[in-house]
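1. With the sequence up front, the predicted model follows.
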Amino acid sequence: MGTPARVAVLPVDSNELRIESVTLPDPGPTQVVVRQFASGICHSQLHQIHRPREQPVILGHESTGVVLEVGADVTHVRPGDTVLVTWVPRNASVAAAPPVRATLAVSDGEAQSENVFTWADHTLADQQYVVKVDPGIRTDVTAIIGCAIMTGAGAVINTAGVQPGESVAVFGVGGVGLSAVVGARVAGANPIIAVDLDDEKLEFARRFGATHGINASREDPIAAIHALTARDGEYTILQTPVSGVDYAFDCIGIKATMEQIVPACRTGHFGARDGGTAVLVGVPGTTVELNAIDVLLNEKHFIGSIGGSCAPDRDFPRFLEWQDNGDLDLDAMVTRRFTLDQINEATAALEAGRITGRAILEF
């Protein structure tokens, strides 16, 4: 019979989304139909909107919902279960086959998703993107666990493995960056330095654990970070004092920040300890140039983190526990709410930098 749904569709020849009423097909063997409560609005969707395309696109990749139907081979969820939908396979280490990417017949062709689509009141997703959670969770603000929290906090606790007392800088404190700040605070990092171009966002980051804020529009963030992190009695191979953060996270992915995180990292203490680690978290839209001499002499590291190196089955319960015990204030982090019909208003606000924290769609 199929499931009626209202879906945001990005056409081939326009960057303005339209809302279309469609019928979702019955689920295939490994698919799940989910009625959604809320979806996050992620900056990476702006990259998709501005990217050339040859067919319509359906967007969104983090949500909360309830299962309506399941395919014949689905065993970990059943109708009535509360779930989080995400774009990372819930447990890739035991997956028998690649997940099925969602596609949908719309008025101007077959619309393609990148793994899942959640800018819709109902969605059809492969079982690997659907994570069962406690039915008592908040069904609005928890939507952002499926990308923002996972990507930012996961980069700190999984990719980098930050330890108590280690120093952290987070470049860009939107939803993902704030999640990285939370992860650093939970890990016991100190100091936790937020870097942004907006004083309001820097002050907001302090609510989540940032100990310092640097406005990169007014001062050199690299120099400011090194001034805050000098280490007495430690010297580089060139006999200069060691300084810089143990970990610098770029949660934006533009050329300027990607080229700032390596020099912001701690220089190596020659013969005693290698240098710091720069972690690319934001989706890059350009190439970068790195100072190879700095990397070599100071034994620094530049690594990537996709989806916070998360396994959702393992990590989502941890993030929900953080919310329950007060370590993660999702109510504070979600600062704007939109309806599906306001999707173009929401994406415009995000692109203009008018979203402090994270915005969600509510259905």
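-> Sure thing, it's come through.
2. who touches the closest residue to residue 17 other than its chain neighbours in this structure?
-> Spatial nearest neighbour of residue 17, chain neighbours left out: residue 8 (4.6 Å); criterion: CB to CB, 6 or more residues apart in numbering. Where C-beta positions appear, they are placed from N, C-alpha and C, glycine not excepted. Neighbouring residues of residue 8 by CB atoms under 8 Å, 6 or more residues apart in numbering: 17, 18, 19, 58, 59, 60, 119, 120, 340, 343.
3. where along the protein do the helices fall?
-> 44-50, 148-154, 175-187, 199-206, 221-228, 255-258, 261-264, 292-297, 312-325, 330-333, 343-351 (DSSP state H).
4. can you tell me which of the contacts of residue 8 lies nearest to residue 3?
-> Nearest to residue 3 among the contacts of residue 8: residue 120, at 10.5 Å, using CB to CB.
5. pLDDT value on the closest one, please?
-> The score at residue 120 is 98. That number is its pLDDT.
6. you'd agree residue 91 is up against residue 313?
-> Yes - counting by CB atoms under 8 Å, residue 91 touches residue 313, with 4.6 Å between them.
7. and residue 207, how far is that from residue 55?
-> Separation of residue 207 from residue 55 (CB to CB, to the nearest Å): 42 Å.
8. May I see the buried residues of stretch 318-333?
-> Of the residues in stretch 318-333, 318, 319, 320, 322, 323, 327, 328, 329, 330, 333 count as buried by neighbour count, 16 or more other CB atoms under 10 Å.
9. now swap in stretch 2-17 and tell me
-> Using 16+ other CB under 10 Å as the test for burial, stretch 2-17 gives 3, 5, 7, 8, 9, 10, 11, 17.
10. Which two among those residues are spaced furthest apart?
-> With CB to CB as the measure, no two of the buried residues of stretch 2-17 lie farther apart than 3 and 11, at 22.7 Å.
11. Indicate which one of the helices of the chain is closest to residue 214.
-> Of all the helices of the chain, helix 221-228 comes closest under CB to CB, at 4.8 Å.
12. The closest one: how far from the chain's middle?
-> From the chain centre to the centre of helix 221-228 is a distance of 26 Å (CA atoms, centre = their mean, to the nearest Å).
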